[in-house]
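Colleague: show me how the following folds:
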Amino acid sequence: MRTIRVETTSATILLTEEPAPKLRDRRTGEVAKDAVTGETLMRLSVVYIQDGESSLIQVTVPQGGVSEGLTLGAPVALPGLVARPWESVFNGQERHGIAYRAAAVAPASFPVAAGA
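Modeller: Prediction:
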């Protein structure tokens, strides 16, 4: 599937759920690893606000890309954010969605309002 770069320079991104290990299999508790590096993958939730619209999204980040000083409700930066459409069949049902992945997550500041 195609990977689509997400432009974040004009967006406000707020952390709503702290990074936690991403599970590959919920039944066994197996933690997801990067297929190339073997590094543990972390999952976090953010509110992505742009052009007066907002979306709650979950983002996967390698464990080494999680910065110190993250605060719930505070703005964060997601360098290298990409969206990857996916689809699968599970128990005979077709499922689809968009998976988001970033190279890192770091504290950021609120954008300065125009004319401020």
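Colleague: where's Val105 relative to Leu70, distance?
Modeller: 7 Å (C-beta to C-beta, to the nearest Å). In this view, the C-beta of every residue, glycine as well, is placed from N, C-alpha and C.
Colleague: what do these two both touch?
Modeller: Shared contacts of Val105 and Leu70 (C-beta atoms under 8 Å, 6 or more residues apart in numbering): Leu15, Pro19, Val76.
Colleague: surely the first one touches Leu78?
Modeller: Right, the one you point to is Leu15. No - assessed by C-beta atoms under 8 Å, Leu15 is found out of contact with Leu78, at 10.0 Å.
Colleague: if you count what's nearby, which of the two comes out ahead?
Modeller: A count of neighbours by other C-beta atoms under 10 Å puts Leu78 above the other of Leu15 and Leu78, at 26 against 22.
Colleague: compute the distance between that one and Gly29, please.
Modeller: Distance of Leu78 to Gly29, given as C-beta to C-beta: 27 Å.
Colleague: can you give me the strands in the protein?
Modeller: Along the chain, counting by DSSP state E, strands occupy 4-5, 12-21, 23-25, 30-31, 41-50, 53-62, 76-77, 82-90, 93-101, 106-107.
Colleague: tell me which of the shared contacts of Val105 and Leu70 is nearest to Ser88?
Modeller: Pro19 (24.8 Å; C-beta to C-beta).
Colleague: got the contact list for the closest one?
Modeller: Met42, Arg43, Leu44, Val61, Val66, Leu70, Val105.
Colleague: all set now, cheers.
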